[in-house]
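> got a sequence here, can you model it:
(2 chains)
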There are 2 protein chains.
Amino acid sequence: MLFAIIMAGGSGTRFWPKSRRNRPKQLLNLHGDSTMLQQTVERIAPLVPAERVLIITGADQAEATRAQLPQLPTANVIAEPCPRDTAPCVGLAAEIVAAQDPDGTMIVMPADHVIGPIDVFLKTVEAAVAVIDADPSALVTFGIKPNRPETGYGYIERGELIETRDGVAVNRVVQFREKPDRETAEKFLASGSFAWNSGIFLWRARTILQEIRRHKPLLGVALDRVGEAWGTAAGPDVLAAEFPKMERTPIDKAVMEKAANVKVLEVTYDWNDVGDWRALRSLLPADEHGNAVQGDVIAIDTKDSILISDDGGLVATLGLDDVVVVQSGKATFVARRDHLDQLKALVESLDGRGYGAYL
Amino acid sequence: MLFAIIMAGGSGTRFWPKSRRNRPKQLLNLHGDSTMLQQTVERIAPLVPAERVLIITGADQAEATRAQLPQLPTANVIAEPCPRDTAPCVGLAAEIVAAQDPDGTMIVMPADHVIGPIDVFLKTVEAAVAVIDADPSALVTFGIKPNRPETGYGYIERGELIETRDGVAVNRVVQFREKPDRETAEKFLASGSFAWNSGIFLWRARTILQEIRRHKPLLGVALDRVGEAWGTAAGPDVLAAEFPKMERTPIDKAVMEKAANVKVLEVTYDWNDVGDWRALRSLLPADEHGNAVQGDVIAIDTKDSILISDDGGLVATLGLDDVVVVQSGKATFVARRDHLDQLKALVESLDGRGYGAYL
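Numbering: from 1, shown residues only, chains lettered A, B, ... in the order given. Below is the predicted model:
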């Protein structure tokens, strides 16, 4: 059986002030009529019923997450006691899946990516399932064909073509590469053999647990303790005791870089990781002056800007060019677009400046 | 006896969104600890007790005006039934003053100017009173020495020096000039014989009423009808009936340009008419990057900007230069400073855009 694991953590800094500590990106309706979390669940629904969808989120966000997904059993929204990066998160989910179905397959997806068209995405997932059914010891990762020398993503070097499954190219993985510098990114792009690591993985729960035990034995032991207690009265206590002690490490580094049998599927759907406010330029419809607008906004002599008004407020602008304006609740953020990389630091400084109420 | 007439009308467009229809500029705390209206009353208080201060305001603003000036008798805040520019306003005040004291002198002041130091201002007022006491048929106007070729103000051409009264130069007025074009303003500045018309006047109530009757006889008749009924039960009804029929005209044009005996005092105090958000650059303390800041504001890599947060909100900026950001209530206004002249049109368009609630 196929299970869907949706990683819905995140600290909510890149979309401040709309995103807050208890309302991170995936819980926001940044474009369209539903939140990115809801879109992620809806996207996989034709292949995975609600009972087999697990959401891993933070304690601060569990309540809001459950409220957005009333179709899911309450227990399927699992709150991590503390952030421990993706290896413990994926391992915890694998324990839960394996307990329900020892042969269970799981797709791991971030909750905050925009993907379409859905039918192309679903065909890619079905191809990945077929790859795993034919080779249950493999780990499959979804690679995005780069269209620019992006320095903000990790890369996957593709090796030999293993097969074409349902029209999807399946290659062996030579290596994972962390975020490159610009020069390296340009080489990757020119070579044609690198893909962006989209953070979507598909594998048997059993296989990933074996790989974790092999490459991170302490983590494996701790996860197994949680897995054994899961579903019993002791489950929450064991999770609360074990999870904070687990190594804080991403699954890419903990396992994928070291595993022997990793395959990459070349993705042909559109993909946007909605990294910060700039991403809305391509996700929201633009007006005739290139402005991406949401909510009640009056833009006069304003172009190439991102203008957002939330909670029934009004944003009015005169003479702006390439500026981001976001009013949300009682906070207003205004930035030249080329300064957005500083937003994370700004948000992280709020507490120290005495503005913790805006986090 | 000296009476103070404070003209406190105004539509509240230049300081939107902090100024609104029922909360125009003079009712705002734009700088310092009190509103400009309160500062205007306090400034004249050493010479004029509260009982002899009259505020002429609009019907929309009378309640807020009274609330800001609890020391004034309620009846001293007079609501015009409709806007009719300054000639009917001044005439109405003169009728009320003349009814209380046939020899009463009145100083007419706008409620929305920043003036200091106060002792210099008061000495100038005392000099003007002395000029009128010596020559009761004169009209005195306060002229500001220009320091730039400003095209936004009216000018007064000074003629011969009549006297120096208490250290203040008193000149005959040759002519009043409406807002000039740039070239003319530069000539005015170079000539040294022009002053800005600050809108502060001082005269006997009886004299200005005589001048109105001479130059605007219909207006004079209507004002006298209101004056006769004032203080009787019929007063409000007569005001409501007569005022809307009065000619809409400024006192400068209706009387000052035509009167024979007009004198101008050269003002040596600092004067700022707080025309729009730009004026706060000189009224608010600037940070080390030239930003004028009020309320809770975080300004990173931001310079030469005006950043205002109202009502306990937070404004955070990144990478701005020469931008105005104002968050007030549920509205946010962001403009390049050189586009502020469009603000009035923007505010006037709110109703048509369906945002009348923000007026």
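> what comes up buried for the longest helix anywhere in chain A?
Secondary structure assigned by DSSP state H gives helix A:118-134 as the longest helix of chain A. Applying a neighbour-count criterion of 16 or more other Cβ atoms under 10 Å in any protein chain shown, the buried positions in helix A:118-134 are A:121-129, A:131-132. C-betas here are computed from N, CA, C, even on glycine.
> does anything pack onto that helix? Which helices or strands?
Secondary-structure packing of helix A:118-134 (3 or more Cβ pairs under 8 Å, 6 or more residues apart in numbering or on different chains; DSSP states H and E): helix A:36-44, strand A:105-110, strand A:139-144, strand A:155-165, strand A:168-177, strand A:194-204, strand A:262-267.
> please redo it, this time with the cut-off set to 7 Å
With contacts defined as 3 or more Cβ pairs under 7 Å, 6 or more residues apart in numbering or on different chains; DSSP states H and E, the packing partners of helix A:118-134 are strand A:105-110, strand A:139-144, strand A:155-165, strand A:168-177, strand A:194-204, strand A:262-267.
> to residue A:95, which of those lies closest?
Evaluated over those, closeness to residue A:95 peaks at strand A:105-110, with 10.8 Å, by Cβ to Cβ.
> so for the helix or strand just after the closest one, mean pLDDT?
Of the helices and strands lying after strand A:105-110 in sequence (DSSP states H and E), the nearest is strand A:114-116. Per-residue pLDDT over strand A:114-116 has a mean of 93.
> please identify which of the buried residues of helix A:118-134 is nearest to chain B.
For those, the closest approach to chain B (Cβ to the nearest Cβ) belongs to residue A:121, at 34.7 Å.
> what's the offset of the helix or strand of chain A with the lowest mean pLDDT from the middle of its chain?
The weakest-scoring helix or strand in chain A, judged by mean pLDDT, DSSP states H and E, is helix A:280-283 (a mean of 88). Taking Cα atoms, centre = their mean, to the nearest Å, one finds the center of helix A:280-283 at 18 Å from the center of the full chain.
> which strands or helices does the next helix or strand after that helix pack on?
Beyond helix A:280-283 in the direction of the C-terminus, DSSP H and E gives the next helix or strand as strand A:292-294. The contact analysis (3+ Cβ pairs under 7 Å, 6+ apart) places strand A:292-294 against strand A:306-309.
> ok, the next helix or strand after the strand it packs on near chain B or not?
Sequence order places strand A:314-318 as the next helix or strand after strand A:306-309, per DSSP H and E. Yes: on the criterion Cβ under 7 Å from any Cβ of the partner chain, strand A:314-318 is in touch with chain B at A:314-318.
> which of those residues tops the neighbour count?
residue A:316 (29 neighbours; other Cβ atoms under 10 Å in any protein chain shown).
> which residues does that one contact?
Counting by Cβ atoms under 7 Å, 6 or more residues apart in numbering or on different chains, residue A:316 makes contact with A:298, B:333, B:346.
> and residue A:270, by the same measure?
Per Cβ under 7 Å, 6+ apart, neighbours of residue A:270: A:115-116.
> run the last query once more with 8 Å
By Cβ atoms under 8 Å, 6 or more residues apart in numbering or on different chains, the contact set of residue A:270 is A:114-117.
> so it bridges to which residues?
Beta-bridge partners of residue A:270, counted by DSSP bridges, are residue A:116.
> local confidence estimate at it?
Here the pLDDT value assigned to residue A:270 is 93.
> which residues touch residue A:276?
So residue A:276 contacts A:14-15, A:340, A:343 (Cβ under 8 Å, 6+ apart).
> residue A:326: which of those residues is nearest?
After measuring these against residue A:326 - Cβ to Cβ - the closest member comes out as residue A:15, at 8.1 Å.
> in its sheet, what does the host helix or strand of residue A:5 sit against?
Residue A:5 belongs to strand A:2-8 when assigned by DSSP H and E. Here strand A:2-8 is paired, per DSSP bridges, with strand A:53-58 (parallel), strand A:105-110 (parallel).
> dump the ones you listed into JSON lines; add mean neighbour count and mean pLDDT as well.
Shown next, in JSON lines, are the strands paired with strand A:2-8 (neighbours: other Cβ atoms under 10 Å in any protein chain shown; pLDDT from 0 to 100):
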{"stretch": "strand A:53-58", "mean neighbour count": "24", "mean pLDDT": "97"}
{"stretch": "strand A:105-110", "mean neighbour count": "24", "mean pLDDT": "98"}
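> and stretch A:293-313, how far from the chain's centre?
27 Å.
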